[in-house]
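1. Need coordinates for the below:
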Amino acid sequence: MAETLTFAVLHKYDTRETGITVPVVMKVGNKSVRFSAKLDTGASVCIFDRARGEALGLDIESGLAQKISTATGSFLAYGHEVTLFVAGIETYTTAYFADDDNFTKNVLGRQGWLERVRLGLVDYEGKLYLNRYDEE
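-> Have a look, this model is predicted:
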């Protein structure tokens, strides 16, 4: 039995880069920052470098503390409520900001982003299809 999905957004990414890179706008109140992030289906949550949160005026350590574990170790991050616009898809979520200034990754993980979208992927062609999960 064939399945059919429809998508509102087609984002083309550069397959020569490591990972799947998408444009992000993050907002808190009337402040916003623009940057690129990677899709990471192995990341439990959305994790961003500390500088992104500070640019939005967040007091990083006042957020919900969370120990993040990876294959190579663990680190501390703090969760804050933000609005994310990823390739035109808007979501309101808890984003985690690394405690360590040396953490330079920005990833969109399962809780807070992947669970809120439907996506299709044709990696060979560098095509990422997106739609909000709750929209046809």
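2. Parallel or antiparallel, list what pairs with the helix or strand hosting residue 90.
-> Using DSSP states H and E, residue 90 falls within strand 89-98. Applying DSSP bridges, strand 89-98 is found paired with strand 47-48 (parallel), strand 73-86 (antiparallel).
3. after the first one comes which helix or strand?
-> Meaning strand 47-48. Counting by DSSP H and E, what follows strand 47-48 is helix 50-55.
4. In three-state terms, label the residue nearest to residue 52 when sequence neighbours are not counted for me.
-> Excluding its sequence neighbours, the residue lying closest to residue 52 (Cβ to Cβ, 6 or more residues apart in numbering) is residue 33, at 5.5 Å. In short, each C-beta sits where N, CA and C put it, glycine included. On the three-state scheme (DSSP: H, G, I helix; E, B strand; the rest coil), residue 33 is labelled strand.
5. distance between the strand holding residue 90 and the chain's centre?
-> 7 Å (Cα atoms, centre = their mean, to the nearest Å).
6. Average pLDDT for the following helix or strand past it, rounded please.
-> Note on strand 89-98: by DSSP H and E, the next helix or strand toward the C-terminus is strand 107-108. Strand 107-108 carries an average pLDDT of 97.
7. elements contacting strand 107-108?
-> Judged by 3 or more Cβ pairs under 8 Å, 6 or more residues apart in numbering; DSSP states H and E, strand 107-108 is in contact with strand 31-39.
8. Identify the residues contacting the strand it packs on?
-> 19-26, 48, 52, 55-57, 86, 105-108, 114, 128 (Cβ atoms under 8 Å, 6 or more residues apart in numbering).
9. do stretch 15-30 as well
-> Residues external to stretch 15-30 that are found in contact with it (Cβ under 8 Å, 6+ apart): 11, 13-14, 32-40, 48, 52, 56-58, 80-87, 95, 106, 108, 121, 123-126, 128.
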